[in-house]
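K.L.:
Give the three-dimensional model of this entry:
(one chain, ligands or ions: 1)
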Amino acid sequence: MLEIKVPATSANFGPGFDSLGVALDLYNKFYIEEIEEGIIIEGCDEVYKGKENLIYKSMEECFKIVNYIPKGVHIKVEAQIPLSRGLGSSASCIVAGLLAANEISGNKLNKKDILNLATKIEDHSDNITPALFGGMTVSISHKEETLFNSISVPDKICFCAIIPKFKLSTKEARAVLPKEVSYKDAVFNISRVSMLISSLYNSNLNLLKVACEDRIHESYRGTLIDNFEEVISICEELKCLGVFLSGAGPTVIALVEEGNLEFFKRLKERLIIFNSTWSIKKLRLDNFGAVIKEIK
Ligand code: HSE
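P.N.:
A predicted model of the protein is given here:
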């Protein structure tokens, strides 16, 4: 039996749409083995227990490439990452399925092959890359390949995930994006991505607030998220270091200085007006990414 532990991720970090992402210390665990026959999927809703299951479909993609025909597959999920909240739950399923299938079929693919394959399945690499490699990453597509690099994040930064009870599908959140962006907005984002990476590089935390601003996806998606503007404003009033929409949303991530417990306490109090719709999780960077091991 294989155990695959995959971290949650926050993609689109600030202005880094479809390219910047971080791995966070909230995990999905997957237990996967080849069995004599059939498909058994446990630990998820009934609707995800068939061949359309994303973990299973990702396994099939790998098996197809390496020419392996499994007899049967048993998958058990122990999920901590909430579904359809912009915290990389789908990426965790894809990564786990590919890593497990590769291991079962004799390890013919390396991690880079897995990254390329996972990106094809998910369609963008900003959740997949940190889920596989950990830390904060920038990833781009180049000639059919996904190239990536790590970005250092100062130890004194922690992440406050503000997670609503409602879901938002990535498909719906991509559908509201405009087909084109203006030159002005493109420059706005490019300059802030550069500022963001340089501020993280030399721990200039004062610049993070402006460096996390975005003009190419948040305002469009904000219209699909009840109280999005209010939650962002509260985080700013409470002097977070920076705040942005996590992935396609609806979760909001605030960057907070480690040790600033006052922020969490006061945020919790301020969110009461939304009738417990939003809950808070204090998270830290995960530096390892997905880990696969054989267990008894
Ligand atoms: N970059 C992706 C998006 C992340 O914003 O649509 C969600 O999968």
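K.L.:
When you work out contacts or count neighbours from here on, use the C-alpha atoms and nothing else.
P.N.:
Will do.
K.L.:
Give the other helices and strands that the longest strand along the chain contacts.
P.N.:
Determined from DSSP state E, the single longest strand within the chain is strand 20-35. Of the remaining helices and strands, those touching strand 20-35 by 3 or more CA pairs under 8 Å, 6 or more residues apart in numbering; DSSP states H and E are strand 2-11, strand 72-78, helix 89-104, helix 128-133, strand 136-142, strand 278-283.
K.L.:
Quick check: which of those is buried the most?
P.N.:
For the helices and strands packed on strand 20-35, the largest average neighbour count (mean count of other CA atoms under 10 Å) is found in helix 128-133, namely a mean of 32.
K.L.:
CA atoms of that helix as CSV?
P.N.:
Provided in CSV are the C-alpha atoms of helix 128-133 (Å, rounded to 0.1, in the frame of the first residue of the first chain):
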residue,chain,number,x,y,z
ILE,A,128,0.6,21.6,-9.3
THR,A,129,4.2,22.8,-9.0
PRO,A,130,4.2,23.7,-5.3
ALA,A,131,2.1,20.6,-4.6
LEU,A,132,4.8,18.5,-6.1
PHE,A,133,7.9,20.4,-5.0
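K.L.:
Any residue of that helix touching the ligand?
P.N.:
No. Using CA under 6 Å from any ligand atom, helix 128-133 never reaches the ligand; the gap is at least 8.9 Å.
K.L.:
for the record, mean pLDDT for that helix?
P.N.:
Helix 128-133 shows a mean pLDDT of 98.
K.L.:
what does stretch 174-184 give?
P.N.:
Across stretch 174-184, pLDDT averages out at 97.
K.L.:
In a markdown table: the helices and strands packed on strand 20-35, plus distance to residue 293.
P.N.:
Conversion of those to a markdown table gives the following (distance: least, CA to CA, whole Å):
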| stretch | distance to residue 293 |
| --- | --- |
| strand 2-11 | 5 |
| strand 72-78 | 15 |
| helix 89-104 | 9 |
| helix 128-133 | 14 |
| strand 136-142 | 23 |
| strand 278-283 | 24 |
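K.L.:
what stretches of the stretch 151-296 of the chain score poorly on pLDDT?
P.N.:
For the stretch 151-296 of the chain, no stretch is flagged by pLDDT under 70.
K.L.:
residues in contact with whatever residue of the stretch 1-150 of the chain ends up closest to the ligand?
P.N.:
Using CA to the nearest ligand atom, the closest approach of the stretch 1-150 of the chain to the ligand is made by residue 18 at 3.7 Å. Shown in contact with residue 18 (CA atoms under 8 Å, 6 or more residues apart in numbering): 11-12, 124-126.
K.L.:
rerun that using 6 Å as the cut-off
P.N.:
Residues in contact with residue 18 (CA atoms under 6 Å, 6 or more residues apart in numbering) are 12, 126.
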